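Chemist: A structural model of the following input is requested.
(one chain, ligands or ions: 1)
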Amino acid sequence: MIEFQNVSFQYNDLDILKNFHITFRRNQISCLMGPSGVGKTTIANMMAKLIFPQKGQVTGIENAVYSYVFQEPRLLPWYSVYESIDFVLKDVYPIQERKKVVLKYLEMVGLESFRDYEPEQLSGGMAQRVSLARAFAYPSNVLIMDEPFKGLDMKLKQEMLSSFQRLWTESKRTVLFITHDIEEAISLSHEIYVLKNSPVEILENIVGVQGKDNHLIRNKLQNIHLL
Ligand SMILES: Nc1ncnc2c1ncn2[C@@H]1O[C@H](COP(=O)(O)OP(=O)(O)OP(=O)(O)O)[C@@H](O)[C@H]1O
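Modeler: Got it, this is the predicted structure:
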């Protein structure tokens, strides 16, 4: 379990987190929702050790190895689809094994026949699928996804959600998933935190999402006037 214990953090004297406590279960998908500016990315950055608590501590990340998916695919323009994934595995696997891993993950996102394409030849959804495959191919144990499906149309989003589910089922890890989209949250997460206020507080914590009635959760989230 990853646990924020009494964590305080300020930007320029502004309290973003104050004696804040939250937990994230290992190998589960935890979702952060809540209004813009509430502190979701700050929590993700702290989990990723990009920033550190000014008071309190975050436990359970001592041996964390991270991968990320952002709203933009962040592919390097001079690498092909294959090389985009191969590149991050260079120091991880010897060449023969690396090849198997790259091809396995490309196949899982349905892009094996596009392996030689350059990023500029890909649609937005394809590029984002490369970025998902890259994040899962890398042997991380914590995956941080900051609004990864934002801006995709419904059909592409559905494809991405399916790709994500396939990847995560095959290669489980602890996922921190930030979204403003109720349907995404319900379809992927095991646990949803709705955040509010400044400094941030947990307004609602819904556990066991996958085993619950979607309508009830949807209604509850809609009623909180999230977003
Ligand atoms: N580097 C920074 N310097 C100063 N203030 C910052 C910095 N990064 C974030 N903030 C402030 O911290 C607060 C929380 O920001 P954060 O990005 O964590 O919110 P968020 O919930 O992820 O928002 P969004 O949904 O818009 O991405 C905001 O008020 C923001 O302006």
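
Chemist: Spell out which residues of the protein are next to the ligand.
Modeler: By CB under 6 Å from any ligand atom, the part of the chain that sits against the ligand consists of Y11, N12, I16, S36, G37, V38, G39, K40, T41, T42. For the C-beta atoms, the positions are set from N, CA and C on the backbone; glycine is no exception.

Chemist: hmm, 5 Å instead?
Modeler: Applying CB under 5 Å from any ligand atom, one finds that the chain approaches the ligand through Y11, I16, S36, G37, V38, G39, K40, T41, T42.

Chemist: now what about the strand or helix carrying L161, what contacts it?
Modeler: Taking DSSP states H and E as the criterion, L161 maps to helix 154-170. Contact with helix 154-170 is made by 29, 105, 108-110, 124-125, 128-129, 132-133, 136, 148-149, 152, 175, 184, 187-188, as judged by CB atoms under 8 Å, 6 or more residues apart in numbering.

Chemist: Just the ones of the residues you listed in helices?
Modeler: Taking DSSP state H as the definition of helices, the contacts of helix 154-170 contribute Y105, M108, G124, G125, Q128, R129, L132, A133, F136, E184, S187, L188.

Chemist: Does the last one touch D181 like I think?
Modeler: No - with the criterion set as CB atoms under 8 Å, L188 and D181 do not qualify as a contacting pair; they are 10.0 Å apart.

Chemist: between the two, which one's more packed in?
Modeler: Legend: neighbour count by other CB atoms under 10 Å for L188 and D181, higher for L188 (21 against 16).

Chemist: if I look at the nearest residue to that one once chain neighbours are set aside, how far off is E112?
Modeler: Closest residue to L188 apart from its sequence neighbours, by CB to CB, 6 or more residues apart in numbering: I29 at 5.5 Å. As judged by CB to CB, to the nearest Å, I29 and E112 stand 26 Å apart.

Chemist: So for those two, which sits in the more crowded spot?
Modeler: Set side by side, I29 and E112 show more neighbours around I29, with 25 against 15, by other CB under 10 Å.

Chemist: Can you show me the helices along the chain?
Modeler: Applying DSSP H to the chain gives helices spanning 40-47, 81-88, 95-108, 124-137, 154-170, 182-188, 214-223.

Chemist: any chance of the ones you listed in JSON lines, plus mean pLDDT?
Modeler: Converted to JSON lines, the helices of the chain look like this (pLDDT from 0 to 100):
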{"stretch": "helix 40-47", "mean pLDDT": "97"}
{"stretch": "helix 81-88", "mean pLDDT": "96"}
{"stretch": "helix 95-108", "mean pLDDT": "95"}
{"stretch": "helix 124-137", "mean pLDDT": "93"}
{"stretch": "helix 154-170", "mean pLDDT": "91"}
{"stretch": "helix 182-188", "mean pLDDT": "93"}
{"stretch": "helix 214-223", "mean pLDDT": "89"}
